[in-house]
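Asks: sequence plus the predicted model coming up.
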Protein chains: 2
Amino acid sequence: MAKRNPNMAKLQSGYLFPEINRRKTEFLAKNPKARIISLGIGDTTQPIAPCIIQGLAEEVARLGTRKGYTGYGDEQGLKELRERIAEKFYDGMIDEDEVFISDGAKPDAGRLQVLFGSKATIAVQDPSYPVYVDSSVMFGQTLDYNKKTAYFDGIEYMRCSPENNFFPDLKKTKKTDIIFFCNPNNPTGSAATHDQLKELVAFAKKNRSIIVYDSAYSSFISDDNLPRSIYEIEGAKEAAIEVSSFSKSVGFTGVRLGWAVVPKDLKYDDGNSVNKDWSRIMSTIFNGASNIAQHGGLAALEEKGMQEIKNNVSYYMKNAKMIRNAFEKSRYRVYGGVHAPYLWVKIPGKTSWQAFEEILDKVHIVTTPGVGFGPSGEGFIRLSAFGQREDVEEAAKRIEGMALK
Amino acid sequence: MAKRNPNMAKLQSGYLFPEINRRKTEFLAKNPKARIISLGIGDTTQPIAPCIIQGLAEEVARLGTRKGYTGYGDEQGLKELRERIAEKFYDGMIDEDEVFISDGAKPDAGRLQVLFGSKATIAVQDPSYPVYVDSSVMFGQTLDYNKKTAYFDGIEYMRCSPENNFFPDLKKTKKTDIIFFCNPNNPTGSAATHDQLKELVAFAKKNRSIIVYDSAYSSFISDDNLPRSIYEIEGAKEAAIEVSSFSKSVGFTGVRLGWAVVPKDLKYDDGNSVNKDWSRIMSTIFNGASNIAQHGGLAALEEKGMQEIKNNVSYYMKNAKMIRNAFEKSRYRVYGGVHAPYLWVKIPGKTSWQAFEEILDKVHIVTTPGVGFGPSGEGFIRLSAFGQREDVEEAAKRIEGMALK
């Protein structure tokens, strides 16, 4: 038969979250009465706000009328939505024709690999969201998985740990074509300062690298002095693509809506426009985000919707605070949870999967093993603040009483 | 700066439909009073049926309630929807875990390239839907575009013309890893017989190729003796992936919902499961189709919804008949339009783009130049039957009176 893409064989085990789910199901089979609380996957739990539901519902109703029905839209997305994103999230720093509406930041991160092809080299934060590494492997940009280091050879891993305040030591970082940078970071919950991003942009420009900046959690930054977009850094339009999402701030994880910003100033080394290639890729292997979702996005970016985003963020960040306090009371060292809905907890003397298993076993809470995000995540677990309040309250109680051997 | 994916430079001009749109806009700028009728892009115009709107609306309403809210679903899609697809479209020939819900057949066709990687070779019908060739080029599976032949070197083009009844001469077809096969075909509107598909499956099995069978238009087949799925052919589960869509039959071109069937019996030459790799790809670089769209799909596959699909198909196929009659009255040779919503018309003595320009100029109808689907489409135009009735009536009148010089 036809040959398998040889890069598929390089991938390690399953994608992280299916694996967690498998272990959770296994635990439940053995302990059918356990009341498990999941603080594992970063999946929203709050219903979508009424004004945004209205935006979705109105488009559904229109699609049932002859006058309101529309088929294919612009592959780049509704112009009005692109304009509103440019205005509300980028304060006019970018133009609407630099915004490309998509079905989410994760699919965009995968598709983006097509811009650069199989010969590109990438750098990633270690730990980081698995899609950057996995898609890079699938597209043939890496060598084999190295069992000794637990790294893929050919990827530049930028260690982010408490020792460097979760910002990579760029002096030790090798030059690559692409730098994936998620800020606020998933999983560590850390948010970079203006000076740090300035350093990152300067580093990219010096090396002629392109930054793929993932700002899916930027709405959770609580300090207005911290940058929410890479384009707040001067010159970043010549050095960075930004991918982002409505998933977490609006509760659209299941509705699917995100966007990528590809500035017109961004060029390849041969002078060709990255924006033009992205347009070609999106119109060829994508077919537009759902029109219903896009109208939900439009409603979310009206004044009322923006207030709902704030309410949503506050709700989850209050959860984050409770989880943080509970771990601190139990004398664990906790990072994150201030500018991001993730907490990053060091469990001394345990591997991540040991900690995952013990916490599931003792207090019936599902966490995410930090090592699933990269070798530097070993010994940590990630907790998501996206739970419902009473679950988080109950989880906090259980954590406070928890003593891991 | 970072290097461009060198394969992007191989692509020819823009994607077909943006180019048509550009010319239409140009024409309108010069002739602002022209009442243009578009029979170009295959975009649905009928509103979505009330029972399906209800399915969409109910999910939207649920997402606004605490009890009904859901975030990420299974990346493979709602189990109930997969079961219903297996039952309604495949009559139990395939299992629900062989169905993967997606945002459409076009994005799936692009993502599918990841299964095979940059070393795979492909065959396509000539003419065919551009995404197969373009995604193959992007993923590095081809050599350069050959200006002499107007083909990409390294792709096996299977000529489909009136001379061979639009079914390729497989005896002359070179062995490739992948065979893209769209049936009923877009753009020619031809539908293969059971015997022809049997020959195709046997050919693929002999060569150890995998067929990517695009059945996005299968609902439009009017003769129950013609196969609607490749799996109606014995042994096809070991030889074929099928991609399909709700776009045209339900009017979901903008809502975005499709699926791929990847049978568990399908293996690579090394014995690995294609189904397992597809699951890995979908959970890594995709994040599920919109939950709202999926609930619309569920409603479409209830008895009432299935009747609406039939009504929808009848409506468009009546359009097809009118367009067909009009061209025949004008003594043009017309193909298609019986088992597919596309008509394929030979315009003697003209190139496709000349015919496109003349028809736009004379009768203000937008068509699609056949050559945009491949060199064997030269001299043809494609017409879509997806218009609204009164537009099609008016277009038919104009076509009847049309005399191209």
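Replies: Cool, got the structure. Residues are numbered from 1 along each chain as shown, chains lettered A, B, ... in the order given.
Asks: could you measure from residue A:246 over to residue A:299?
Replies: Going from residue A:246 to residue A:299 by Cβ to Cβ, to the nearest Å gives 11 Å. Yep, even glycine has a C-beta here, placed from its N, CA and C like the rest.
Asks: comparing those two, which shows the higher neighbour count?
Replies: residue A:246 (29 against 23; other Cβ atoms under 10 Å in any protein chain shown).
Asks: for the more buried one, what are its contacts?
Replies: Going by Cβ atoms under 8 Å, 6 or more residues apart in numbering or on different chains, residue A:246 touches A:252, A:255, A:257-258, A:293, A:296-297, A:300.
Asks: look up how far chain B lies from it.
Replies: In this view, residue A:246 and chain B are 12 Å apart by Cβ to the nearest Cβ, to the nearest Å.
Asks: could you check the pLDDT of that residue?
Replies: For residue A:246, the model assigns a pLDDT of 98.
Asks: neighbours around residue A:264, how many?
Replies: When neighbours are defined as other Cβ under 10 Å, residue A:264 has 14 of them.
Asks: on the three-state scheme, it is what?
Replies: coil (DSSP: H, G, I helix; E, B strand; the rest coil).
Asks: what does residue A:86 give?
Replies: Assigned with three-state DSSP, residue A:86 falls in the helix class.
Asks: ok, and which of the contacts of residue A:246 reach chain B?
Replies: With Cβ under 8 Å from any Cβ of the partner chain as the criterion, the contacts of residue A:246 include A:255, A:293 near chain B.
Asks: mind putting the contacts of residue A:246 into JSON lines with pLDDT, neighbour count and secondary structure?
Replies: JSON lines is the format used below for the contacts of residue A:246 (pLDDT from 0 to 100; neighbours: other Cβ atoms under 10 Å in any protein chain shown; DSSP: H, G, I helix; E, B strand; the rest coil):
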{"residue": "A:252", "pLDDT": "98", "neighbour count": "26", "secondary structure": "coil"}
{"residue": "A:255", "pLDDT": "98", "neighbour count": "29", "secondary structure": "coil"}
{"residue": "A:257", "pLDDT": "98", "neighbour count": "27", "secondary structure": "coil"}
{"residue": "A:258", "pLDDT": "98", "neighbour count": "25", "secondary structure": "strand"}
{"residue": "A:293", "pLDDT": "98", "neighbour count": "30", "secondary structure": "helix"}
{"residue": "A:296", "pLDDT": "98", "neighbour count": "33", "secondary structure": "helix"}
{"residue": "A:297", "pLDDT": "98", "neighbour count": "28", "secondary structure": "helix"}
{"residue": "A:300", "pLDDT": "98", "neighbour count": "28", "secondary structure": "helix"}
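Asks: residue with max distance from the center of chain A?
Replies: residue A:66 (38.6 Å; Cα atoms, centre = their mean).
Asks: tell me the contacts of that residue?
Replies: B:46-47, B:388 are the contacts of residue A:66 under Cβ under 8 Å, 6+ apart.
Asks: now with 10 Å?
Replies: The contact partners of residue A:66, by Cβ atoms under 10 Å, 6 or more residues apart in numbering or on different chains, come to B:45-47, B:388.
Asks: that older thread, closest to residue A:117 out of the contacts of residue A:246?
Replies: residue A:258 (22.8 Å; Cβ to Cβ).
Asks: distance of residue A:161 from residue B:2?
Replies: According to Cβ to Cβ, residue A:161 stands 27 Å off from residue B:2.
Asks: and residue A:236, by the same measure?
Replies: Distance from residue A:236 to residue B:2, by Cβ to Cβ: 15 Å.
Asks: repeat that for residue A:53.
Replies: Using Cβ to Cβ, we find residue A:53 at a distance of 41 Å from residue B:2.
Asks: tell me which of the two has more neighbours.
Replies: Remark: of residue A:53 and residue B:2, residue B:2 carries more neighbours, 25 against 19, as counted by other Cβ under 10 Å.
Asks: contacts only, for the more buried one.
Replies: Taking Cβ under 10 Å, 6+ apart, one finds A:115-116, A:120-122, A:176-179, A:204, A:207-211, A:239, A:266-269, A:274 in contact with residue B:2.
Asks: residue A:3 belongs to a helix?
Replies: No. In this structure, residue A:3 is coil, not part of a helix, as judged by three-state DSSP.
Asks: coming back round to it: inside helices: which ones of the contacts of residue B:2?
Replies: With DSSP state H as the criterion, helices contain A:115-116, A:204, A:207, A:274 from among the contacts of residue B:2.
Asks: please enumerate the strands of the stretch 201-350 of chain A.
Replies: A:210-214, A:240-245, A:258-261, A:333-336, A:342-346 (DSSP state E, counting those that start in this stretch).
Asks: now tabulate those strands in TSV and tack on distance to residue A:400.
Replies: Formatted as TSV, these follow (distance: least, Cβ to Cβ, whole Å):
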stretch	distance to residue A:400
strand A:210-214	33
strand A:240-245	33
strand A:258-261	37
strand A:333-336	13
strand A:342-346	13
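Asks: quick one, which of these is nearest to residue B:98?
Replies: Between the strands of the stretch 201-350 of chain A, strand A:258-261 lies closest to residue B:98; by Cβ to Cβ that is 28.6 Å.
Asks: for that closest one, name the packing helices and strands.
Replies: If you count contacts as 3 or more Cβ pairs under 10 Å, 6 or more residues apart in numbering or on different chains; DSSP states H and E, strand A:258-261 packs onto helix A:79-90, strand A:99-102, helix A:105-116, strand A:210-214, strand A:240-245, helix A:274-285, helix A:291-300.
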